[in-house]
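S.K.: got a predicted structure here, sequence first:
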Amino acid sequence: QVQLKESGPGLVQPSQTLSLTCTVSGFSLMDYSVHWVRQPPGKGLEWMGRMKYDGDTYYNSALKSRLSISRDTSKSQVFLKMNSLQTEDTAIYYCTRDSGYWGQGVMVTVSS
Amino acid sequence: DIQMTQSPSSMSVSLGDTVTITCRASQDVGIYVNWFQQKPGKSPRRMIYRATNLADGVPSRFSGSRSGSDYSLTISSLESEDVADYHCLQYDEYPRTFGGGTKLELK
């Protein structure tokens, strides 16, 4: 069955870079796009960006200067890297396929 | 970017109520609106896709509708398990954008 799972550090220091991995199973990254979405504590959902099945990427304009999404199709993994983290980046980070399948999310806290 | 203005931001409800949540799109997004339910500590769950289609396994008391640029999620005969947060999403254009969310609370 389709599964997505996010992994990464729970704590990142301000100004540092966040690196997250979304490991998928039950489908090929060459057939489906994967998106990243985040949710600050007690707030709404924010779409961050997309890795398309053909390798193309698209980013939220508000994050574009700090955000990079890549993939390794052989490992069925999609990567998110975001630099210059601030406390406002504290959130649960989700990866999702077509918004019909979601990972469990990973909580990332930005704090010294 | 397309703005999805969701209302209300919160709603006090009773079991058995009919509840309607609305998202207004700032420009035409056609049928490309999804609705999600999210319970505390859980990932969002897609309830409605393409504005009016019930996702697999979703109870028939949930429905989606569209009137122009207004998209609505209606829950008929609210049950306790429906008390949650709800979000809309437009996926007609990039960047995709969510509404601000609606929190249902029991009276």
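M.R.: Noted; the coordinates are in hand.
S.K.: which of the helices or strands spans the residue positioned nearest the centre of chain B?
M.R.: For chain B, the residue nearest the mean C-alpha position is residue B:35 (3.9 Å; Cα atoms, centre = their mean). Remark: residue B:35 resides in strand B:33-38, with elements defined by DSSP states H and E.
S.K.: would you check that the residue nearest to the centre of chain B makes contact with residue B:90?
M.R.: No: with contact defined as Cβ atoms under 8 Å, residue B:35 does not reach residue B:90; the gap is 11.1 Å. In short, each C-beta sits where N, CA and C put it, glycine included.
S.K.: read off the pLDDT value for the residue sitting nearest the centre point of chain A.
M.R.: In chain A, the centroid-proximal residue (Cα atoms, centre = their mean) is residue A:36; its distance is 3.8 Å. At residue A:36, the pLDDT value in this model is 98.
S.K.: grab the nearest non-local neighbour of it.
M.R.: residue A:48 (4.2 Å; Cβ to Cβ, 6 or more residues apart in numbering or on different chains).
S.K.: packing partners of the helix or strand hosting that neighbour?
M.R.: Following DSSP H and E, one finds residue A:48 within strand A:46-51. Using 3 or more Cβ pairs under 8 Å, 6 or more residues apart in numbering or on different chains; DSSP states H and E as the contact test, the elements touching strand A:46-51 are strand A:34-39, strand A:57-59, strand A:67-72, strand A:77-82, strand B:97-98.
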